[in-house]
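Chemist: Quick one: sequence and predicted model below, then my questions.
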Amino acid sequence: MARPLRRLRGTLAAAVGVALLAATVTTAPARAATTLGAGYWHTSGRQILDSNNQPVRIAGVNWFGFETSNYVAHGLWTRDYKSMMDQMKSLGYNTIRLPYSDDIFKNTMPQSINYSGGMNADLAGLNSLGVMDKIVAYAGTIGLKIILDRHRPDSSGQTALWYTSAVPESTWIADLQALATRYQNNPAVIGIDLHNEPHDPACWGCGDTTKDWRLAAERAGNAVLSVNPNLLIFVEGVQTFNGQSDWWGGNLAGAGQFPVVLNVANRLVYSAHDYATSVAQQSWFTDPTFPNNMQAIWDTYWGYLFKQNIAPVWVGEFGTTLASTTDQTWLRTLVNYLRPTGQYGGDSFSWTFWSWNPDSGDTGGILNDDWTTVNTTKDAYLAGIKAPGFGGQPVSGGDYTAPSVPAGLTVTGTTPTTASLKWNASTDNVGVTDYYIYRGSTLLTTVYGATTYTDPGLTPSTAYTYSVAAVDAAGNASARSAAVTATTTSAANGGCTAAMQITTSWSGGFIANVTVTNVGTKPTASWTVTWTWTGGQSVASMWNATSTASGSTETATAQGNGVIAAGGSTTFGFQGNGGAATPILTCTAT
């Protein structure tokens, strides 16, 4: 699905009229050779390495504004830029992704900078590129890195392709080369993100030079490296590959088959974007297996590049307002996916959160609307994956205390196709948010706000082993509990399964059809199907079954169709109120 453009709230003040000064580039002093993250960076397999060949990890924020009609990073109408960057550093972010549009090469003057009381004094009179120089230089002095992001051809809005009639490919490449040349003596700038969020009709590997983003990225990347071979080249995905669509810029499924090939080795980093429902709805958010479906989705679209040691992967944008439970679950799940682990160590996925700014209408920011105080809830989600010193270890002062191991795991009941579990609540220094349920060594599902679980769709007369781990809001997981074994009962006297399908839906309602199948060896005498709604839905009317509701739990009982031959099936249907959903069904036969 196409991701809608971000809606940016209007800036607060008009720029003070200033005289134009010639652009000068201040080169930041190189950091000590022994410092992790020193110098220019390069790649090796899935790792990003510093000039001393030590693995480094990008863990930062997006600070946008140069790509808008303000022609400068936002928030300078309220604060001094050095104060803003010092705060980023103090919170444990190590990199700034700095979006821009090609307008800034037209001698644009920044709008809405506050110079009162000596604030931003050294920016007075500078054009947009001059202000960018100051930000880059200060980043180098405090140990931050910069990734320049060609976000838009001009300030009017995002484009699907990397060029427009007004900004042709030749201008795009010339401007990329101009920046690469401008900062060729300053390793604070580690690389350039060639173009933000290519999307349909942009393709990957199709061979059409007017649409094939992979070929365009090669042309632009090689042009950049021809003038500054030290830079990393960050290449985003597209929207659709082989008929499968992801977020704009988020689909790198074709990169394994059609890799970007650059003239300078060890300079390529692939970049993905991923968002929650506050940006746009996607099918995976309403999948009944959410959020356990997300790892496979991320693996398919971009995670495989890292896990197969093909190339480093940097999630250049991800964000949410956290207004919904779904978004909170999504962020917690993504952070856990990006988290450094014993398997991956310091060479984990890299990332920059969208955004530092509070004025992103569909995500908000790390800062609150006053541009000074921190949204501590958002910041806390990221604590466990920060890397202030560029290494694999997260920021000090965060929550790294795992909950206690769940105790008292027991099997409370079995049927031919289900096993029910319960356990005692774990404790944590902050608070337990959910539990991981394992069947054998496989992570089966995540349970939120409950200490019970029923595993559906099992095979009769079969033993299954379960264990449980507790997780807190920062993503710290306990060790797994002692295992228990559940053996499903025989289906000789009839066992059943049930599957729900949405046949029609509209705003505020839907029609569903449920198929009940006898998996036993003898006919059933009767059956019941139960499920629990999670989104406030309800049954308005039901046919071929009798409906009984208790709170959010719905029970459908056979109505004249209770006898099902071994291997046979029957159906019932209902009209539901609320958003269409397919919850987990439990079927019991007699």
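Modeler: Right, received. Where do you want to start?
Chemist: From here on, just use CA atoms for contacts and neighbour counts.
Modeler: Fine.
Chemist: What segments of the stretch 301-450 of the chain are helices?
Modeler: Using DSSP state H, counting those that start in this stretch, the helices of the stretch 301-450 of the chain run over residues 304-307, 325-338, 376-382.
Chemist: Between the ones you listed, which one is closest to Val315.
Modeler: Among those, helix 325-338 comes nearest to Val315, with 9.1 Å by Cα to Cα.
Chemist: Could I get the contacting residues of the closest residue in space to Val238 that isn't next to it in sequence?
Modeler: Among residues not flanking Val238 along the chain, Gly249 sits closest, at 4.3 Å (Cα to Cα, 6 or more residues apart in numbering). By Cα atoms under 8 Å, 6 or more residues apart in numbering, the residues touching Gly249 are Asn196, Glu197, Pro198, His199, Glu236, Gly237, Val238, Gln239, Ser271, Ala272, His273.
Chemist: Would you check which pair of the residues you listed lies furthest apart?
Modeler: His199 and Ser271 (13.9 Å).
Chemist: picking up where we left off before, out of the helices of the stretch 301-450 of the chain, which is closest to Gly130?
Modeler: helix 376-382 (30.7 Å).
Chemist: For the closest one, the averaged confidence score.
Modeler: Mean pLDDT, computed over helix 376-382, is 92.
Chemist: again, but for stretch 571-588
Modeler: 88.
Chemist: partners of the helix or strand containing Thr43 in the sheet?
Modeler: Using DSSP states H and E, Thr43 sits in strand 42-44. Sheet partners assigned to strand 42-44 using DSSP bridges are listed as strand 47-49 (antiparallel).
Chemist: what does the partner strand rub up against?
Modeler: Gly37, Trp41, His42, Thr43, Pro55, Val56, Arg57, Ala311, Pro312, Asp347, Ser348.
Chemist: Those residues into TSV, with extra columns for neighbour count and distance to Thr433?
Modeler: Formatted as TSV, those follow (neighbours: other Cα atoms under 10 Å; distance: Cα to Cα, whole Å):
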residue	neighbour count	distance to Thr433
Gly37	30	35
Trp41	24	38
His42	24	39
Thr43	20	37
Pro55	23	32
Val56	25	31
Arg57	29	27
Ala311	24	34
Pro312	25	31
Asp347	22	28
Ser348	28	24
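Chemist: From these, which land in strands?
Modeler: Mapping those onto strands (DSSP state E) picks out His42, Thr43, Pro55, Val56.
Chemist: Tell me the spacing between the first one and Asn513.
Modeler: The span separating His42 from Asn513 equals 55 Å under the rule Cα to Cα, to the nearest Å.
Chemist: before we move on, what about the third one?
Modeler: To Asn513, Pro55 is 53 Å away according to Cα to Cα.
Chemist: Kindly report the same for the second one.
Modeler: With the distance defined as Cα to Cα, Thr43 ends up 52 Å from Asn513.
Chemist: Below-threshold pLDDT in this protein: ranges please.
Modeler: 1-34, 340-346, 392-400, 474-475, 492-494 (pLDDT under 70).
Chemist: Recalculate using a threshold of 50.
Modeler: For the chain, applying pLDDT under 50 flags the ranges 1-33, 342-344.
Chemist: which stretches of this protein form helices?
Modeler: 81-90, 128-142, 169-182, 213-227, 294-298, 304-307, 325-338, 376-382 (DSSP state H).
Chemist: List the buried residues for the third one?
Modeler: Within helix 169-182, the residues that count as buried by 16 or more other Cα atoms under 10 Å are Glu169, Trp172, Ile173, Asp175, Leu176, Gln177, Leu179, Ala180, Arg182.
Chemist: The third one reaches Ala223, doesn't it?
Modeler: What it means is Ile173. Yes: between Ile173 and Ala223 there is a contact at 6.9 Å, judged by Cα atoms under 8 Å.
Chemist: what residues are up against Asn266?
Modeler: His42, Thr43, Ser44.
Chemist: cool, and Phe258?
Modeler: Here Phe258 is in contact with Trp204, Gly205, Arg214 (criterion: Cα under 8 Å, 6+ apart).
Chemist: what sits against Gly355?
Modeler: In this structure residue 355 is Ser, not Gly. With Cα under 8 Å, 6+ apart, Ser355 has these contacts: Val61, Asn62, Trp63, Phe64, Glu317, Gly319, Thr363, Gly364, Gly365, Ile366.
Chemist: and Ile147, how many neighbours does it have?
Modeler: As a burial measure, Ile147 scores 26 neighbours (other Cα atoms under 10 Å).
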